[in-house]
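A.B. asks: sequence-free structure coming up:
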């Protein structure tokens with residue numbers, strides 16, 4: 001549980017876009033949904049897009065529609081537009097959002113339950129999106145059956161933009177996290193994949209890996225996917241690609257079974273982890289000053305819990 005004040009610490013956080021993306025081992029049905037976007041005046045829209053926090057997610061009603069929310073405090077999110085984007089084909093699960101150096105927003109997302117690619121879409125205003133690139137995950141290193149949950153992450157040591165993605169060589173497992181690295185600023189060409197070493201693929205392995213850089217260490221929060229587990233676990237390394245060692249496993253923080261973790265930074269400088277409850281119908285959050293000791297979880301307010309699914313929160 002967090003105290004009333006936090007110790008001073010140097011904080012460098014480059015979250016895969018500064019924020020959270022999860023994929024459960026069950027295939028829900030899709031349905032078309034009508035727009036629930038409120039009419040915004042130009043003044044209200046300007047306030048919304050300049051908000052400190054942007055949250056991109058898909059929903060329990062449809063895995064083919066992007067929803068975009070904004071927040072002033074990282075707790076209370078308001079709908080900016082939903083659906084904001086439906087790709088020409090496939091799904092838009094697990095959207096991870098960044099604001100790139102070119103001034104545009106980008107999301108990386110899961111295109112299908114099976115396959116050897118993920119996709120990237122872009123927008124200038126969070127309202128209108130276009131497909132930017134489709135990135136193959138097949139290589140001489142691995143030919144995946146499943147490509148899930150791509151997460152943006154800018155490495156503070158190298159300055160390079162990466163995407164961490166869960167790849168499986170069997171049908172729905174075992175999974176391991178792999179790193180792709182952008183070779184130029186266009187985000188259309190990527191090197192990789194490079195496996196994140198030290199993580200076991202025993203059973204069904206690990207999915208939904210979200211990296212954070214803090215106190216000169218790489219921290220990952222990743223879901224143990226094997227049946228009977230389904231917990232978010234915590235590992236650390238001195239390099240983005242490892243080797244990692246787990247420092248907290250099982251239900252160490254009392255979050256229960258959950259997936260799609262993302263981490264952002266609150267206005268007071270503490271961390272917030274958000275996650276999609278696994279079969280619980282909840283979307284939860286929990287706070288920490290050190291990435292080790294966490295508050296009891298709460299559910300995301302304003303009707304989002306039980307509606308949004310695996311997304312990412314960007315602190316602009």
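C.D. replies: Arrived safely, thanks for sending. Since we're looking at a predicted model, the values are computed, not measured. Numbers count the residues shown, from 1 in each chain.
A.B. asks: buried stuff in the helix or strand bottoming out on mean pLDDT in the chain?
C.D. replies: Least confident helix or strand, the chain: helix 42-49 with a mean of 78, by mean pLDDT, DSSP states H and E. Within helix 42-49, the residues that qualify as buried are 45, 48-49, counting by 16 or more other CB atoms under 10 Å. Placement of C-beta: from N, CA and C, glycine included.
A.B. asks: can you redo those as a markdown table with distance to residue 268?
C.D. replies: What follows is the buried residues of helix 42-49, written out as a markdown table (distance: CB to CB, whole Å):
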| residue | distance to residue 268 |
| --- | --- |
| 45 | 28 |
| 48 | 23 |
| 49 | 23 |
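A.B. asks: just checking, what packs against the least confident helix or strand of the chain?
C.D. replies: strand 77-85 (3 or more CB pairs under 8 Å, 6 or more residues apart in numbering; DSSP states H and E).
A.B. asks: what pairs with the strand it packs on, parallel or antiparallel?
C.D. replies: In the sheet, strand 77-85 lines up against strand 66-71 (antiparallel) (DSSP bridges).
A.B. asks: give me the angle between the least confident helix or strand of the chain and strand 66-71.
C.D. replies: 90 degrees (axes from the mean of the first three to the mean of the last three CA atoms, to 10 degrees).
A.B. asks: tell me the helix or strand right after helix 42-49.
C.D. replies: Next along the chain after helix 42-49, taking DSSP states H and E as the criterion, comes strand 53-59.
A.B. asks: which neighbouring elements make contact with that following strand?
C.D. replies: Using 3+ CB pairs under 8 Å, 6+ apart, strand 53-59 is in contact with strand 66-71, strand 77-85, strand 93-99, strand 308-315.
A.B. asks: list just the one of those that sits closest to residue 41.
C.D. replies: Taking CB to CB, strand 77-85 is the member of those nearest to residue 41, at 13.2 Å.
A.B. asks: just the residues contacting the closest one, thanks.
C.D. replies: Applying CB atoms under 8 Å, 6 or more residues apart in numbering, the contact partners of strand 77-85 are 33, 35-38, 40, 48-49, 53, 55, 59, 62, 65-71, 92, 121, 123, 126-129, 300, 302, 304.
A.B. asks: buried set for that strand?
C.D. replies: For strand 77-85, burial by neighbour count (16+ other CB under 10 Å) applies to 77, 79-85.
A.B. asks: same check, this time on stretch 132-146
C.D. replies: Within stretch 132-146, the residues that qualify as buried are 132-133, 135, 137, 139, 142, 144-146, counting by 16+ other CB under 10 Å.
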